[in-house]
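Novice: predicted model, plus sequence, below.
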Amino acid sequence: MHTAFSPLSAVSYIRVSTARQAERNGERDGFSIPAQREANRKQAHGLSALISAEFVDRGQSGLSTNRPELQRMLAYLREHPVDYVIVHKLDRLARSRADDITISQAVHAAGARLVSTTDGIDMTPNGVLLHGIMASIAEFYSRNLAQEVMKGMRQKVIQGGTPSRAPIGYLNVRLQTDDGQEYRTVIVDSDRAPHVAWAFETYATGDWSVAQLVAALEKRGLRTRPTPSRPPAVPTVTSFHRVLTNPYYKGIVTMNGAQHAGSHESLVSASTWDTVQRLLGARRNGERSRIHTHYLKSTVYCFNCHRRLLVHKARSKSGRIYNYFVCSGRQKAPKCTQQALPVADVERQVEAAYSSVEISGAQRRQIEQSHQRRLDRDACDSDQRLAELDEQAEALASRQAKLLDLYYSDGIPREILTKEQKKLSQELTRIAGERERLSEDTSSIVRRVIGVLDLLNDAHARYLAATSDARKQMNNTLFSRILIGPANENLRVEMRAEVLEVLSC
């Protein structure tokens, strides 16, 4: 009488760390996966076992056990009798000693044995010891690799490089030196960079929302870069908001909160980038909603707490709607106590403010003459001033470098680093702005001065005759903000720096 032969059962577990490994040469199963599959198959054959199920985690890190196929395999073991769990190497299963113990216990609890095709582990005392050693080596390798990768990325950033995928508007490329050595760098994407630069300049006018900007970019033809798994697409409002807040576009590379001067070409000036951040911050404080819009929303602020005024529509018992400007600080701690202001009253106060800033024809001629004398004088002094600004910028850059050295040597926490870097960045932006103005040709300076004087000459009458859109443009050009309270005397006008520069002559 012959007994029927029942082969042993095994499952095969395969893992590759990156999507690039999983999709090498355009195939879903890259080289690493077939190699592991074949090694596991041969191991099963040597154990006289048949592989009943295969579990493949593609592009999954071994630093976490929260991998879909690993969890599916552990569930399979609980429901099916399995003699062996076969892996190519122990580090395919886990990269930490704690995870290795957890997974091994789950395998043993299911009545199976863990087998590696390359590590030679078994259930003998020597095999168990070797298993522990190999698992510890895998953990050491993983941690050491992560440390070395971070060290390499940090060094690359310090030298101005980009350690990750460049954002839209740039391309990661491989180039060669004259002696044939290959290196990676970032270049401007000639197809997408003009759209990104246009978006920054357009948003800086203060007349556009991010949603309107994205709609316009779609019509202009901007699409994201395609990847092996994603076709080109129109940027979303959320993703483009990240673009507008990314300092990479003004030449800054950020890593772990630390900012470094990048070697890549900037797409926008520091002053334009800062203007965009100011406008985005203002929208976060109340102008995000486009439901209750008004041409003064970008201009008027609370006289009491200096927060932005928002449009509010109140409905009376009779159903009549009244429009008010309400301080955004009434809902924040410490709460502002300034009362709501009727929109019509605020409009009249701003109209009256134009009477206080307008200039007469005689004043205009005097300012123009002063500017002409200044231009003649600056023609001799600008080179000296530019040299002074360069020295100041160099000193600030040196302070930034020392600050980073202190941070990387654990001398200061990240919070202090980012705070000090923000101050230095603001000072560098101021210097860059002054340098840009000094570098202007005479005709550009004259046009800028004439533009400001045209708005200020007979400004009150000009403002009264303007449309709502024109009023908003005049306000944004002349004022950084207007502080308004419930009484007529509670009014303070703050002019833009470039306007004050024109008037200071």
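Specialist: Okay, I see it.
Novice: let's see the pLDDT reported for V82.
Specialist: Looking at V82, its pLDDT is 92.
Novice: give me the nearest residue to it, chain neighbours excluded.
Specialist: Nearest non-adjacent residue to V82, counting by Cβ to Cβ, 6 or more residues apart in numbering: A112, 4.6 Å away. Backbone N, C-alpha and C define where each C-beta goes, glycine included.
Novice: surely that neighbour and I86 touch.
Specialist: No - applying Cβ atoms under 8 Å, one finds A112 not in contact with I86, separated by 9.8 Å.
Novice: so between these two, which is more surrounded?
Specialist: It is I86, of A112 and I86, that has more neighbours when counted by other Cβ atoms under 10 Å, with 26 against 20.
Novice: quick check: that one touching Q43?
Specialist: Yes - with contact defined as Cβ under 8 Å, I86 counts as touching Q43 (5.2 Å).
Novice: overlap in contacts, the two.
Specialist: Common contacts of I86 and Q43 (Cβ atoms under 8 Å, 6 or more residues apart in numbering): 115, 117.
Novice: can you work out which residues contact both of A112 and I86?
Specialist: Common neighbours of A112 and I86 (Cβ under 8 Å, 6+ apart) are V11.
Novice: low-confidence ranges, the stretch 201-350 of the chain, go.
Specialist: 256-257, 282-292 (pLDDT under 70).
Novice: would you map the strands across it?
Specialist: Assigned by DSSP state E, counting those that start in this stretch, the strands in the stretch 201-350 of the chain fall at 252-255, 258-261, 300-302, 309-315, 321-327, 341-342.
Novice: which residues in the chain form strands?
Specialist: Assigned strands in the chain, in chain order: 8-15, 49-57, 84-87, 113-116, 170-176, 182-188, 252-255, 258-261, 300-302, 309-315, 321-327, 341-342, 479-484, 491-495 (criterion: DSSP state E).
Novice: which helices and strands sit right next to the fifth one?
Specialist: The criterion is 3 or more Cβ pairs under 8 Å, 6 or more residues apart in numbering; DSSP states H and E, and the helices and strands that strand 170-176 contacts are strand 182-188.
Novice: so what are the sheet partners of the strand it packs on and their directions?
Specialist: Using DSSP bridges, the strands paired with strand 182-188 are strand 170-176 (antiparallel).
Novice: give me the nearest residue to V452, chain neighbours excluded.
Specialist: Leaving aside its sequence neighbours, V452 sits nearest to V502 (Cβ to Cβ, 6+ apart; 4.5 Å).
Novice: need the contact list for that neighbour.
Specialist: V502 touches 367, 371, 448-449, 452-453, counting by Cβ under 8 Å, 6+ apart.
Novice: likewise for A258?
Specialist: A258 neighbours (Cβ under 8 Å, 6+ apart): 157, 404, 407-408, 414, 417-418, 421.
Novice: buried only: go through those residues for me.
Specialist: If you count burial by 16 or more other Cβ atoms under 10 Å, the buried members of the contacts of A258 come out as 157, 404, 407, 417, 421.
Novice: give me the number of residues near R377?
Specialist: R377 has 10 nearby residues by other Cβ under 10 Å.
Novice: now swap in P334 and tell me
Specialist: P334 is flanked by 7 other residues according to other Cβ under 10 Å.
Novice: got it, and H88?
Specialist: H88: 24 neighbours (other Cβ under 10 Å).
Novice: contact partners for it?
Specialist: Listed by Cβ under 8 Å, 6+ apart, the contact set of H88 reads 14, 35-36, 39-40, 116-118.
Novice: switch the cut-off to 10 Å
Specialist: Neighbour list for H88: 12-15, 32-33, 35-40, 43, 116-119 [criterion: Cβ atoms under 10 Å, 6 or more residues apart in numbering].
Novice: convert the C-alpha atoms of stretch 339-358 to PDB, please.
Specialist: This file holds the C-alpha atoms of stretch 339-358, laid out as PDB (Å, rounded to 0.1, in the frame of the first residue of the first chain):
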ATOM      1  CA  GLN A 339     -16.700  98.200  16.600                       C
ATOM      2  CA  ALA A 340     -17.900  97.400  13.200                       C
ATOM      3  CA  LEU A 341     -17.500 100.200  10.600                       C
ATOM      4  CA  PRO A 342     -20.200 100.900   7.900                       C
ATOM      5  CA  VAL A 343     -18.500 100.300   4.500                       C
ATOM      6  CA  ALA A 344     -19.800 103.700   3.300                       C
ATOM      7  CA  ASP A 345     -18.000 105.500   6.300                       C
ATOM      8  CA  VAL A 346     -14.800 103.700   5.500                       C
ATOM      9  CA  GLU A 347     -15.000 104.700   1.900                       C
ATOM     10  CA  ARG A 348     -15.400 108.300   2.800                       C
ATOM     11  CA  GLN A 349     -12.500 108.200   5.200                       C
ATOM     12  CA  VAL A 350     -10.200 106.800   2.500                       C
ATOM     13  CA  GLU A 351     -11.500 109.400   0.100                       C
ATOM     14  CA  ALA A 352     -10.600 112.100   2.700                       C
ATOM     15  CA  ALA A 353      -7.100 110.500   3.100                       C
ATOM     16  CA  TYR A 354      -6.300 111.300  -0.500                       C
ATOM     17  CA  SER A 355      -6.700 115.000   0.400                       C
ATOM     18  CA  SER A 356      -4.000 114.700   2.900                       C
ATOM     19  CA  VAL A 357      -1.500 113.000   0.500                       C
ATOM     20  CA  GLU A 358      -2.100 114.900  -2.700                       C
END
